[in-house]
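What follows is a protein structure lacking sequence information:
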């Protein structure tokens, strides 16, 4: 069933105090204010490195006949529905992760040139999954990867619960649909992860990820992406402080027979 976001002003305030939304309250009035931010406000927040701009998605705009991604590449115009949570969070991702968004757009346009606009390729599906639900994960403890490979969710999120607090596992949310779904506080969130292994310093994962996407080294198939039940991470769901949650939560699915994951990149 397609997710329908709650109306502005009706959302439980607890949603904005819990990850991932608690990390996206700058400027807080975009989420908590009485009024939606305007297209002009979004454009005013663009970093100096961002030449793309947000434009209202109107019928007149869509009459140009261009695909959404082609319009961005050709004119730098990001069609944005006003008063819409999904597109507001997409704009937030463009502002925070401009290089990642730009790399995805370039690869999407390259695939459209090859496939046309009516048929989607495996790389296009992979990139869309990551754009909507993507998470960049940095692991500093390879043992966590073995638990993840086996879908040992109890081990990864309960026995190794402290790993998500002490820096051995860290993540950055990229998928804007994840932020939209988080508006419903008890919703179980599952991300699509690209994983990196790091030593003592795991900084720079976003830049490395953007470069890998731009070079066509990752996101060539949806099966590259690892499911990550984000609701198991401390602070991401109100019930995950109880071991029972990690034994029975619906977001924890067993690994399918024969499913293998690619080796993570090393920072």
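Looks like it came in fine. Please read all numbers here as calculations on a predicted model, not as lab measurements.

Quick check: bridge partners of residue 266?
Beta bridges link residue 266 to residue 197 when assigned by DSSP bridges.

which residues touch the spatially most central residue of the chain?
The centroid of the chain falls nearest to residue 175 when counting by CA atoms, centre = their mean (1.7 Å). Residues counted as contacts of residue 175 (CB atoms under 8 Å, 6 or more residues apart in numbering) are 130, 131, 132, 133, 134, 135, 191, 192. The way it works is simple: take the backbone N, C-alpha and C, and place the C-beta from them, glycine included.

From these, which land in strands?
Among the contacts of residue 175, DSSP state E puts 134, 135, 191, 192 in strands.

Among those residues, pick out the one closest to residue 261, please.
Closest to residue 261 out of those is residue 192 (11.8 Å), distances taken as CB to CB.

Retrieve the pLDDT associated with the closest one.
Residue 192 carries a pLDDT score of 98 in this model.

ok, now how distant is it from residue 226?
Distance from residue 192 to residue 226, counting by CB to CB, to the nearest Å: 7 Å.

And for residue 159?
Taken as CB to CB, the span from residue 159 to residue 226 is 19 Å.

more crowded one of the two?
Neighbours per residue (other CB atoms under 10 Å) separate residue 159 from residue 226, with residue 226 holding more: 20 against 13.

Can you give the contact residues for the biggest helix by length in the chain?
Looking across the chain with DSSP state H, the single longest helix is helix 98-115. Here helix 98-115 makes contact (CB under 8 Å, 6+ apart) with 47, 49-50, 52, 67, 69-70, 72-73, 93-94, 120-121, 123-124, 127, 130-131, 174, 206-207, 209-211, 213-214, 216, 219.
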